[in-house]
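Colleague: Coordinates for the following, if possible.
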Amino acid sequence: MSDPRPAFRDPRLSREERIADLLSRLTLDEKIGLLHQYHRPVERLGMGPFKTGTEALHGLAWLGEATVFPQVVALGATWNPELVEQVGAAVADEVLAFNHEDPVKVGRNVWAPTVNPLRDPRWGRNEEGYSEDAWMTGVMGAAYARGLKGDDGTTWKTAPTVKHFLAYGNEADRCVTSSNMPPRVLREYEFAAHRPALASGDAVAVMLSYNLVNGRPAHVTPLVNTELRTWTADEVFIVSDAYAPNNLAQLQGYFEDLPTAYAAAVKAGLDSFTQDDDRPDEVLAHLAAAIDRGLLEEADIDTAVRRNLYVRFGLGEFDPEDAYAHIGREVVNSPEHQALAREAATQSITLLKNDGILPLKAPEKIAVIGPLADTQMQDWYSGTLPYAVTARQALAERAEVVYCEGVDRIRLRHKRGYVTASADGAELTLTDAQGADAQFDLFDWGGWSYTARNVATGKYVDGRADGTVGADSVGPHEFDVHETFKIVEVEGGKVAVQQIHKAEGAETGRWFSIADGRVVLTDDFTEAAEFDFEFVVKARTVAAELAREADVVVAVLGDHPLVNGRETEDRTDLRLPDAQEWLLRDVHAANPNIILVMSASYPYAANWAAKHVPAVVWSGHGGQEWGNALADVLYGDRDAEGRLPQTWYTDAAELPALLDYDIVASDATYLYYLGQPLYPFGHGLSYAEFKYANLTVDREQARPGDDLEVTVEVTNTGDRDGVEVVQLYSHQCGSRVKQPLRQLRAFEKLRLAAGETRTVAFTVPVDDLAHWDNVTGRMVCEKSRQRLMVGRSATDIVLSASVRIDGEVVGPRDLSRPLEATANDAYSGVVWRDESRTSGDVIAAEEADGWIMLGDCDFGSADRGRGAAGPTTVTARVAGQASQLTLRVDDPLDGDVLAKIDTPTTGGVYDYVDVTVELGRVEGVKDLYVTFESGPVRLASLAFGPA
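Modeller: Numbering: from 1, shown residues only. Next comes the predicted model:
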């Protein structure tokens, strides 16, 4: 008897056969209906609704109470991929539990992990990344994806989505800024972070980023098809970021209309449009219009639909039985997940400094001080906390605790009365009251950003889209923050209050004004109300008094994850908020037995604390069990296991411009940074002490294709058990190009009993030591000496050994082939731009005096049989405005001039012409400089004519 089921429902067939069968049954309209985030059901085939995109960065977000694990940057600080995988697996189970209750609302395509490397600590979404090291980011991201996907072998628990491809690390104007990506940075840094989760098969999807890359929107980058999809033999499902598709024709203005933009995106590899939330009609209409206009063919739609179906089949949607039907609500915030949340938080806590005050020695009274001491912050992608254990609560279980929140309490007095909250907080009015309803606790979050909590209502002041002002908010908690304000001094010692962030549908920057006795918002500064700023309680005074009474002080300071550094907003500096800095100093003066705990989404330039405070601790916001984890570490029940996943700098001035993505040229990240950091990448102290000995490498000489086996003995020489993270770095000695000062190659987290010795073994493939070479246009292992270094951080190297690599000697540039302008070795005053809307990159000079350097150009010589004169002509492929290019050797300003090329005005930036001129006499191997005497002009390549 034949099987009555359609082939796509037969689990005995291969996934490819089942997808092909289902695809063949769909009409064109039905296919188009599957290209939006919210798939349209196809009832005649029994296909139900399907939604992409459940947020699951460090727990299930936005859907109700679920286990909240530490922030991603804190998970990175654990330096423990196995633990991160366990967290991913727990999150996957909770996704399944919610999905079983509401499969329409809670999809199993999860948007995690984030694998953008933490290039600059000012990036607003710093908390979402694992590390500034691209390789480590890839390792940790793959581990989290592995946990999310599950190990059934046949059916995935969830479909993990790596995000955000590509070169995304700024929030300011993120939809219109372009990230310059020289070939080397692209391949050694960006690709290195994104590739591992896909190459291992742990992630099955990728989200594209909002920004442009080399002048081309990431949502139409050719790198999806030419690079990303070559990293795995499996299908890769590509989704857009939210509301990004329309940017292509609107904010970015890259295409003339949306059908054209959508067609280009599909052809570039986009499979799913995240646009207009659950309203797909307009998106589908634009795709249908693209078909009607001949911009897309049905075959293009089929390709994208096939990848959508690949995910649905991978999740077992069309199988007769649910492989995970046994996973239900009982797993959500289960005791096992609570214990895992505590373990993850514990392993993330990083001891930066310790002058012997830690672990705590049973103090009788602890002063717990600071705005983060009795709260647990949540970032935008946090889940809803089922409970939260704060530092104050956990320490109060071990000792007598006195507590001070450490924020000033103030009143705002207008000439007609005090700003006062109504009983329900619905409005602020002017009254004669001076009690709790007219008092506000003022929180300084740095960058002149304040929040104010009314003492009577316990709620925060918020400026609303309709221009009214109240005190009924739980605090910053939405994407559009409307609870932050700036206090601006005006004439006569008075102050004005300005809303900083926008409420949805309203502009930012409105001022407090008074209308009919009520506080309202106005756009006009001349209508801004003036207030006297009165202190009711000065936090520094109260905190210092409490500190004097205590045996030890624990000061818990840090950031609010939805203020300043957050999605849509980068930080401008690295300092602690002024009020927190001075609170710390005054408390320290009152009681020097102080432990600074920074609970923060990012590094701070806590320079004074590093010098004066006896113990400094950092962790990201640690989730529901953070207080318990902190107490465990402070009391020494657990060792301090965290290590920094990124460099802590002494000042933002040590960093290049936030939009400078070329870490090689700008000496950025621990790889190239030449200065002295406050705390280096990989740093973190233990309560035990460790000795390294007998570093060995199994060979003195190796070649590409070999593996280096590296071993080192590590002994716990302390008097207690402890944890050490052994880190292996490499440095290439000698190269034709700039090399990293050190680069992480491997690490292992060791748990050693007192007196125990263990041998750690690392395997380093020689091929991993390769770098991108612009001359050959590929990854190259150069003939060189590699220094292998083991240590406790990027700058605390304990032992080293050298290996000779019998690699390649890169020769000079062959001028018989065109030289791509983007394959330069150095540049100044130019940017990378798109050669066309679909492919290729070029160098663009927007104004005069920019230059590029193409190193080691072989112009020929008599003894090489090519004639002493070398090539006699040069042809520049250019587009843009009329300009002049000057070719020099060995120096961009004073080198001998080989040619001056007058370039014409072309039809547009994509309309290239070839301009040929005679070349001056030159021979030998020279560095060739191309100087742009004016702009804007684009240079694609140079070609040299024969002698």
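
Colleague: For the helix or strand containing residue 266, buried residues please.
Modeller: For residue 266, the host element (DSSP states H and E) is helix 258-268. Residues of helix 258-268 classed as buried by neighbour count (16 or more other C-beta atoms under 10 Å): 258-268. Glycine gets a C-beta too; all of them are placed from N, C-alpha and C.

Colleague: likewise stretch 742-753?
Modeller: Using 16+ other C-beta under 10 Å as the test for burial, stretch 742-753 gives 742-749, 752.

Colleague: and what of stretch 419-433?
Modeller: Across stretch 419-433, burial judged by 16+ other C-beta under 10 Å covers 419-422, 425, 427-431, 433.

Colleague: Extract the CA atoms of that stretch and return them as PDB.
Modeller: Extracted as PDB, the C-alpha positions of stretch 419-433 are listed here (Å, rounded to 0.1, in the frame of the first residue of the first chain):
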ATOM      1  CA  VAL A 419       7.800  70.700  41.600                       C
ATOM      2  CA  THR A 420       5.500  68.100  43.100                       C
ATOM      3  CA  ALA A 421       4.200  64.700  42.000                       C
ATOM      4  CA  SER A 422       0.500  64.000  42.200                       C
ATOM      5  CA  ALA A 423      -0.500  61.000  44.300                       C
ATOM      6  CA  ASP A 424      -0.700  58.800  41.300                       C
ATOM      7  CA  GLY A 425       2.300  60.300  39.600                       C
ATOM      8  CA  ALA A 426       0.300  61.200  36.600                       C
ATOM      9  CA  GLU A 427       1.600  64.800  36.600                       C
ATOM     10  CA  LEU A 428       4.000  67.200  38.100                       C
ATOM     11  CA  THR A 429       2.600  70.500  39.400                       C
ATOM     12  CA  LEU A 430       3.800  73.500  41.400                       C
ATOM     13  CA  THR A 431       2.700  73.500  45.100                       C
ATOM     14  CA  ASP A 432       3.900  74.700  48.400                       C
ATOM     15  CA  ALA A 433       4.700  71.200  49.500                       C
END
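
Colleague: from the buried residues of stretch 742-753, which ones fall inside strands?
Modeller: 743-749, 752 (DSSP state E).

Colleague: Can you show me the strands along the stretch 51-200 of the chain?
Modeller: Assigned by DSSP state E, counting those that start in this stretch, the strands in the stretch 51-200 of the chain fall at 109-111, 159-165, 178-179.

Colleague: how about TSV for the ones you listed, with mean pLDDT, distance to residue 669 and mean neighbour count added?
Modeller: As requested, the strands of the stretch 51-200 of the chain are exported to TSV (pLDDT from 0 to 100; distance: least, C-beta to C-beta, whole Å; neighbours: other C-beta atoms under 10 Å):
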stretch	mean pLDDT	distance to residue 669	mean neighbour count
strand 109-111	99	26	27
strand 159-165	99	19	27
strand 178-179	98	15	24
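
Colleague: Can you report how many residues lie near the closest residue to residue 195 other than its chain neighbours?
Modeller: Spatially, and ignoring its direct neighbours in sequence, residue 195 is nearest to residue 231 (5.1 Å; C-beta to C-beta, 6 or more residues apart in numbering). Other residues within reach of residue 231, judged by other C-beta atoms under 10 Å, total 16.

Colleague: Find me the pLDDT at residue 231, would you?
Modeller: On pLDDT, residue 231 comes in at 99.

Colleague: remind me which residues of the stretch 751-900 of the chain are low pLDDT?
Modeller: Flagging of the stretch 751-900 of the chain using pLDDT under 70 yields the residue ranges 862-869.

Colleague: the helices in it, which residues?
Modeller: In the stretch 751-900 of the chain, no helices are defined using DSSP state H, counting those that start in this stretch.

Colleague: Please apply the same query to the stretch 301-450 of the chain.
Modeller: 335-348, 391-396.

Colleague: Could you export those helices as TSV, including mean neighbour count, distance to residue 279 and mean pLDDT?
Modeller: Converted to TSV, the helices of the stretch 301-450 of the chain look like this (neighbours: other C-beta atoms under 10 Å; distance: least, C-beta to C-beta, whole Å; pLDDT from 0 to 100):
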stretch	mean neighbour count	distance to residue 279	mean pLDDT
helix 335-348	22	35	99
helix 391-396	22	44	99
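
Colleague: For residue 565, find the nearest of those.
Modeller: Between residue 565 and these, the shortest gap by C-beta to C-beta is with helix 335-348, which sits at 18.3 Å.

Colleague: so what secondary structure elements neighbour that closest one?
Modeller: Packed against helix 335-348 by the contact rule (3 or more C-beta pairs under 8 Å, 6 or more residues apart in numbering; DSSP states H and E) you find helix 72-77, helix 81-101, helix 626-634.

Colleague: Could you grab the helix/strand/coil label for residue 471?
Modeller: strand (DSSP: H, G, I helix; E, B strand; the rest coil).

Colleague: burial measure for it, as a count.
Modeller: 28.

Colleague: okay but it is in contact with residue 459, surely?
Modeller: Yes: under the criterion of C-beta atoms under 8 Å, residue 471 makes contact with residue 459 at 5.3 Å.

Colleague: Identify the contacts common to these two.
Modeller: Counting by C-beta atoms under 8 Å, 6 or more residues apart in numbering, the residues touching both residue 471 and residue 459 are 421, 425, 453.

Colleague: Contacts only, for residue 520.
Modeller: Taking C-beta under 8 Å, 6+ apart, one finds 467-469, 512-514 in contact with residue 520.

Colleague: May I have the phi/psi pair for it?
Modeller: Here is the backbone geometry of residue 520 (degrees, to the nearest 10): phi -130, psi 180.

Colleague: gap between it and residue 511?
Modeller: For residue 520, the distance to residue 511 (C-beta to C-beta, to the nearest Å) stands at 10 Å.

Colleague: Repeat that for residue 624.
Modeller: Relative to residue 511, and taking C-beta to C-beta, residue 624 is found at 39 Å.

Colleague: Those two: which is more packed in?
Modeller: Per other C-beta under 10 Å, whichever of residue 624 and residue 511 has more neighbours is residue 624, with 28 against 22.

Colleague: Now do the same contact list for that one.
Modeller: By C-beta under 8 Å, 6+ apart, the residues touching residue 624 are 67-68, 338, 341, 376, 385-389.

Colleague: How about residue 627?
Modeller: So residue 627 contacts 376, 388-395 (C-beta under 8 Å, 6+ apart).

Colleague: tell me what the strand of greatest length in the chain is packed against?
Modeller: The longest strand of the chain (DSSP E) is strand 722-733. Here strand 722-733 touches strand 690-697, strand 707-716, strand 743-752, strand 757-765, strand 784-791, going by 3+ C-beta pairs under 8 Å, 6+ apart.

Colleague: pLDDT below threshold where in the chain?
Modeller: Applying pLDDT under 70 to the chain picks out residues 1-2, 502-507, 862-869, 947.

Colleague: Quick check: the gap between the residue nearest to residue 946 when sequence neighbours are not counted and residue 892.
Modeller: Excluding the flanking residues, the one nearest residue 946 by C-beta to C-beta, 6+ apart is residue 871, at 6.4 Å. Distance check for residue 871 against residue 892: by C-beta to C-beta, it reads 20 Å.

Colleague: Good, wrapping up.
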